[in-house]
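>>> here you go, sequence then predicted model.
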Amino acid sequence: MTTRIAASREVQRADHTTIHYTISGPADGPTLAFIHGWGCNRNDFDAIAGFLPENYRLLAVDLGEHGDSRSTRDVWTMEEFAHDVKAVLETESVDDCVVVGHSLGGAVAVEAGRLLPDVVSHVVALDALHYLALFPAPDEQLAKALLQPFHDDFPAAVRGLVEGGSLEDTDPALKDAYFEKMSAVRQPAGLRSIEGLVHWDMDAALREVKQPITLFAVRDILTQEAIDRYGDRIHIVPVDLGSHHFHVESPEGTAKLLVDVVSAR
């Protein structure tokens, strides 16, 4: 395990949007850009950084109204979040990188690939993109059914998300920690970004994104139906590293997966 010195930086966008991020590693090394999941933040990737080669340049982004980032904007789509990532990559003059996104961040990573086809060379999704209740984009009736619990009882709906992404042997203390963090997401961005994810048209995005996409999916959550639907477009790799938040629970194993992706390019 290496000890990295990471610098905290920020970049300004429109609508009083300040995006905070951390950066470490040499500018000439392979670059990974990390995008956290909904209700989470860039600190989720701190432990992974210590298990990656010292010559890698690492950027970890707090999306708008997550972590330290602030915004008064009205648009909370996956496409708009991708512009948060774009602002960071342009500020740091990144000309080639692998974008790594967890959960909602996987959708943002796909959109970053669509937005920056000459910069993003590979998209890696960490337990994202394979939830068929969300993808492809549901019709209006199903979307309303998916979102209504968040309007009726937001904390209970977040608890349901955490339970749905947990395994039988997931430590209850971990589940409680995920719930506390995610249920504290700032509003209205928290609810609006869930709406943005539900309404995101993944199939349309996949038709336009030309970069390879690798998905590391929790084996016990991944379904054969998802493999059948997306296996010809996404390289789906089942993993046994923990729950939906396996990158937090098994940072060394996750780092190894990422090194394998970078090495194979």
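Yep, it's here. Numbers count the residues shown, from 1 in each chain.
>>> now the residue nearest to residue 156 when sequence neighbours are not counted: which helix or strand?
Closest residue in space to residue 156, ignoring its immediate chain neighbours: residue 149 at 6.9 Å, by CB to CB, 6 or more residues apart in numbering. No exception for glycine: its C-beta is placed from N, CA and C like everyone else's. Using DSSP states H and E, residue 149 sits in helix 140-152.
>>> from the contact counts, what lies against that helix?
helix 154-164, helix 189-198 (3 or more CB pairs under 8 Å, 6 or more residues apart in numbering; DSSP states H and E).
>>> and the strands in this protein?
7-13, 17-24, 31-35, 57-61, 97-102, 120-126, 213-218, 235-239 (DSSP state E).
>>> can I get those in JSON lines including distance to residue 78?
Output for these, formatted as JSON lines (distance: least, CB to CB, whole Å):
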{"stretch": "strand 7-13", "distance to residue 78": "16"}
{"stretch": "strand 17-24", "distance to residue 78": "16"}
{"stretch": "strand 31-35", "distance to residue 78": "10"}
{"stretch": "strand 57-61", "distance to residue 78": "14"}
{"stretch": "strand 97-102", "distance to residue 78": "10"}
{"stretch": "strand 120-126", "distance to residue 78": "12"}
{"stretch": "strand 213-218", "distance to residue 78": "14"}
{"stretch": "strand 235-239", "distance to residue 78": "20"}
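>>> what would the ones you listed look like in JSON lines with mean neighbour count?
Below are those laid out as JSON lines (neighbours: other CB atoms under 10 Å):
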{"stretch": "strand 7-13", "mean neighbour count": "14"}
{"stretch": "strand 17-24", "mean neighbour count": "21"}
{"stretch": "strand 31-35", "mean neighbour count": "28"}
{"stretch": "strand 57-61", "mean neighbour count": "25"}
{"stretch": "strand 97-102", "mean neighbour count": "27"}
{"stretch": "strand 120-126", "mean neighbour count": "26"}
{"stretch": "strand 213-218", "mean neighbour count": "23"}
{"stretch": "strand 235-239", "mean neighbour count": "16"}
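>>> okay, the ones you listed in CSV with mean pLDDT and distance to residue 67 next?
Output for those, formatted as CSV (pLDDT from 0 to 100; distance: least, CB to CB, whole Å):
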stretch, mean pLDDT, distance to residue 67
strand 7-13, 97, 11
strand 17-24, 98, 6
strand 31-35, 98, 11
strand 57-61, 98, 9
strand 97-102, 98, 13
strand 120-126, 98, 17
strand 213-218, 98, 23
strand 235-239, 98, 25
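>>> among those, which is nearest residue 197?
strand 97-102 (11.8 Å; CB to CB).
>>> which strands or helices does that closest one pack on?
strand 31-35, helix 104-115, strand 120-126, helix 251-264.
>>> so which of these gets nearest residue 171?
helix 251-264 (15.6 Å).
>>> counting contacts, what elements does the closest one pack onto?
Applying 3+ CB pairs under 8 Å, 6+ apart, one finds that helix 251-264 contacts helix 46-49, strand 97-102, strand 120-126, strand 213-218, strand 235-239, helix 246-249.
>>> now residue 151: how far from residue 47?
Separation of residue 151 from residue 47 (CB to CB, to the nearest Å) stands at 35 Å.
>>> what's around the closest residue to residue 136 other than its chain neighbours, how many residues?
Excluding the flanking residues, the one nearest residue 136 by CB to CB, 6+ apart is residue 203, at 4.3 Å. Using other CB atoms under 10 Å, the number of residues around residue 203 comes to 13.
>>> wait, residue 203 sits on residue 138?
No - between residue 203 and residue 138 there is no contact, the gap being 11.7 Å when judged by CB atoms under 8 Å.
>>> ok, now which ones touch residue 76?
64, 189, 192-193, 195-196 (CB atoms under 8 Å, 6 or more residues apart in numbering).
>>> find the nearest non-adjacent residue to it, please.
In space, residue 76 is closest to residue 192, 3.8 Å off (CB to CB, 6+ apart).
>>> what does residue 43 give?
residue 67 (7.1 Å).
>>> so that neighbour touches residue 44, yeah?
No - taking contacts as CB under 8 Å, residue 67 lies outside contact range of residue 44: 9.4 Å.
>>> where do the contact lists of those two overlap?
residue 36.
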